[in-house]
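Peer 1: this one's structure only:
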């Protein structure tokens, strides 16, 4: 590892990372770094499938490859690792990377429980390296636009209530090929509340603020094939600012057109967010006042490219982005509390359950 002063100077211009795991997430990481075109470069790629690794290396024109991630950890040219391996490996790989003095960005969810997330954070801090989470939702145009509206009070005024509805998969909840493990708990996969709900929660926190209490219930439709996993998680979040947010995460419902997304109410107006923009309602509710449609501004870079830049800036001390390890531990705590609430039938206060996180 190069010296700290030299490292800081070098990272300001070029952070050299090893991408560990070349499935969908690892491939997207390489593409994002190339899209960004500054501050970060992929030094090497890692995958335990030698034939697949060779194919991906040829696809991207990357000459340096490893089938054992520990070889990347011992490589002095590597400043940081991007962990794109199955969820159950995030914690042990992060601990080894931190011990090797490599900075770390890790796919979401950062761990399978808050205890492991804490171990990861403590290991990074003890070894003087940065821990980030590759969670793309706060970096998208929807998130940034809604956050600005909520913080400014424009159109809505003081918030009174909000609802969030998201859904992804069909009745068999599975993935093809190398991604099959995502929905197989025995291989480190999870149900939709962890796999997809972590996205929803990270975005919700970025837009609406921190959560105080989690009260959730689980549902299975008779047509839902995966009886071993949750079909729908729905419930109520009490925010630290006092408002309540209704949240639904479903893999058994088909959310046609604009049936999913955000509806945010305030004492002066309401907004409904779709994929392309927001419908704003600020007229007299007793009349049929027309709404106003506000398209999201163009961001230029994809959310994944923006994460790559935020990671580099975090290491260089330029800025602290929204998805640090400490921040995304809070997202994970909400997910874990959701399962515990559904099992117990009781609301979970995050501070009482997890302490100061």
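Peer 2: It's in. If you're wondering where the values come from, they're calculated on a predicted model, not measured in any experiment. Numbers count the residues shown, from 1 in each chain.
Peer 1: quick one, what contacts the residue nearest to residue 100 when sequence neighbours are not counted?
Peer 2: Spatially, and ignoring its direct neighbours in sequence, residue 100 is nearest to residue 73 (4.0 Å; C-beta to C-beta, 6 or more residues apart in numbering). (Glycine included, C-beta is placed from N, CA and C.) By C-beta atoms under 8 Å, 6 or more residues apart in numbering, residue 73 lies in contact with 81, 96, 97, 100, 102.
Peer 1: now the second one, nearest residue through space, not along the chain?
Peer 2: Using C-beta to C-beta, 6+ apart and skipping residues adjacent in sequence, the residue nearest residue 96 is residue 73, 6.3 Å away.
Peer 1: can you check the last one too?
Peer 2: Excluding the flanking residues, the one nearest residue 102 by C-beta to C-beta, 6+ apart is residue 81, at 5.2 Å.
Peer 1: how deep is the one you found tucked in, by neighbour count?
Peer 2: Per other C-beta atoms under 10 Å, the neighbour tally for residue 81 reads 29.
Peer 1: looking at it, it is touching residue 15, isn't it?
Peer 2: No. Contact criterion C-beta atoms under 8 Å: residue 81 and residue 15 do not qualify, at 11.1 Å.
Peer 1: Between these two, which contacts overlap?
Peer 2: residue 103.
Peer 1: where along the stretch 201-350 of the chain do the strands fall?
Peer 2: Counting by DSSP state E, counting those that start in this stretch, the stretch 201-350 of the chain has strands at residues 211-219, 232-239, 244-250, 261-266, 270-273, 277-281, 292-295, 348-349.
Peer 1: who wins for proximity to residue 170 among those strands?
Peer 2: Closest approach to residue 170 among these (C-beta to C-beta): strand 244-250, 10.7 Å.
Peer 1: Quick one: the strands in the stretch 1-150 of the chain, in order.
Peer 2: 14-20, 39-46, 65-66, 80-83, 103-107, 131-134.
Peer 1: would a markdown table of those strands with distance to residue 242 and mean pLDDT be doable?
Peer 2: Shown next, in a markdown table, are the strands of the stretch 1-150 of the chain (distance: least, C-beta to C-beta, whole Å; pLDDT from 0 to 100):
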| stretch | distance to residue 242 | mean pLDDT |
| --- | --- | --- |
| strand 14-20 | 41 | 97 |
| strand 39-46 | 40 | 98 |
| strand 65-66 | 51 | 98 |
| strand 80-83 | 37 | 98 |
| strand 103-107 | 33 | 98 |
| strand 131-134 | 28 | 98 |
